[in-house]
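>>> build me a structure from this.
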Amino acid sequence: MDLTYDARELEFRDELRTWLADNPAGELPAEEDSIYAWRRDFQRRLAAGGWAAVHWPREYGGRGATLTESAIFFEELARAGAPLPANALGLLLAGPTIMTWGTQEQKDRFLSPIVTADEIWCQGFSEPEAGSDFAALKTRAVKRGEEWIVTGQKVWTSGAQYSKWCMLVARTDTDAPKHKGLSYFLMDMEQEAVQVRPLRQITGESEFNELFIEEARIPDANLLGGAGNGWKVALTTLMNERAGLAFFLQVRLRQLLDRVLAEAAERDLLEDAAIAERLGELHLKAEVLRLTAYRGLTAIEKYGQPGPEGSLTKWMWSETNQQLTQFAADLFGPDALRAGNPWSYELLRARGNTIEGGTTEILKNIVAERVLGLPKAR
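Numbering: from 1, shown residues only. Prediction:
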């Protein structure tokens, strides 16, 4: 892939940089609910400026950006210190999945409020007993008349406490093979049958939630892609999940590494050969991650959809980020572990990187089977 920008891409980058400079996101709030409101308000400003969904087609409120321009958007957002939009799951996952599988009525109803952050989305895939075996989920949907009645439990549901809609996959045919008995629904979260229980993390935040669903009602009109087709529809969501954030994450990693370098220089630690060697190794990994993220664009251009490279970049980022934050704590000593020190937060938050968005063990299997062509382990 050509890593130099052409005239159109440079114009796109410069226009975005100017907009971000004129519309700073401001300081990160201290309170969790305030952080959500900050991200929501910033997304609304992005939407007003035409920047919230650059990769979406123009007819749905986007800019029709190319893949490279979409990558530029995430890189510039991270470089400016701006947050991901509050409705990131809607913009990156729900919207593209609805565009691919939805009826015209579904597109007309759901896409516009995603861009403006008027309706926030969450993803109801994971379950307590299913783990990473997505096809083993037990949440059940039974059709009654023109509705589906859903009962079950979901877990690790990011942002559910703020969400209006949920991308929900449930079992609709218990007799079919486990991959074929699933259906994909657009579930209204604002009903008494859906209870959200936040999960407190080691950082003190509650990014994730449990969902308890007891005979929730979903209109048949909110079935996406047809009954029994949930596995294929969900794969569209999962492919976009691992491809969409690669560029934001690789720039975020680069920023953290630059912070370590700056602090190490202030403390005159760069003359130590062992420290310099370790920083050089982390720099190399950051560059490999950046180039691999761009290589994923080539796969999309060739085949029309994200490939398994998204799994590779997520795996690389999560392990490198954990190594970087641990190295920072080792390098800067006990002060880095004190409450309120930014490095203590980064170290604690990084512990979840190898679990969220696909566990490292599952991602390694995907890379082994779909990238390297190795035989399946079972």
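>>> which residues sit against the biggest strand by length in the chain?
If each strand of the chain is counted by residues according to DSSP state E, the longest one is strand 208-219. The set of residues external to strand 208-219 that reach it, using C-beta atoms under 8 Å, 6 or more residues apart in numbering, is 122, 124, 139, 141, 146-161, 166, 168, 185-188, 191, 193-199, 201. Any C-beta I mention is one placed from the backbone N, CA and C, and that applies to glycine too.
>>> list the buried residues for that strand?
208, 209, 210, 211, 212, 213, 216, 218 (16 or more other C-beta atoms under 10 Å).
>>> stretch 350-370: how far from the chain's middle?
Here stretch 350-370 is found 14 Å from its chain centre; the criterion is C-alpha atoms, centre = their mean, to the nearest Å.
>>> do stretch 150-163 as well
Taking C-alpha atoms, centre = their mean, one finds the center of stretch 150-163 at 16 Å from the center of the full chain.
>>> any idea of the mean pLDDT for it?
Averaged across stretch 150-163, pLDDT comes to 96.
>>> just the C-alpha atoms of it, please, in CSV.
What follows is stretch 150-163, C-alpha atoms only, in CSV (Å, rounded to 0.1, in the frame of the first residue of the first chain):
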residue,chain,number,x,y,z
VAL,A,150,-36.8,-12.4,24.5
THR,A,151,-35.4,-13.8,27.8
GLY,A,152,-31.8,-14.2,28.8
GLN,A,153,-28.7,-12.5,30.1
LYS,A,154,-25.8,-10.6,28.5
VAL,A,155,-22.6,-9.3,30.0
TRP,A,156,-19.7,-7.0,29.2
THR,A,157,-22.2,-4.7,27.5
SER,A,158,-20.3,-1.4,27.0
GLY,A,159,-22.3,1.8,27.6
ALA,A,160,-25.6,0.0,28.2
GLN,A,161,-26.5,2.4,30.9
TYR,A,162,-26.6,5.2,28.4
SER,A,163,-28.1,3.3,25.4
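>>> what about the strands in this protein?
So, for the chain - with DSSP E - the strands run 121-124, 140-144, 147-154, 165-171, 182-188, 194-199, 208-219, 223-224.
>>> how about residue 157: what's its closest non-neighbour residue?
Distance criterion C-beta to C-beta, 6 or more residues apart in numbering; nearest residue to residue 157, sequence neighbours excluded, is residue 209 at 4.7 Å.
>>> I should have written residue 55 there, sorry.
Nearest non-adjacent residue to residue 55, counting by C-beta to C-beta, 6+ apart: residue 70, 4.2 Å away.
>>> does the one you found touch residue 56 like I think?
No - contact criterion C-beta atoms under 8 Å: residue 70 and residue 56 do not qualify, at 9.7 Å.
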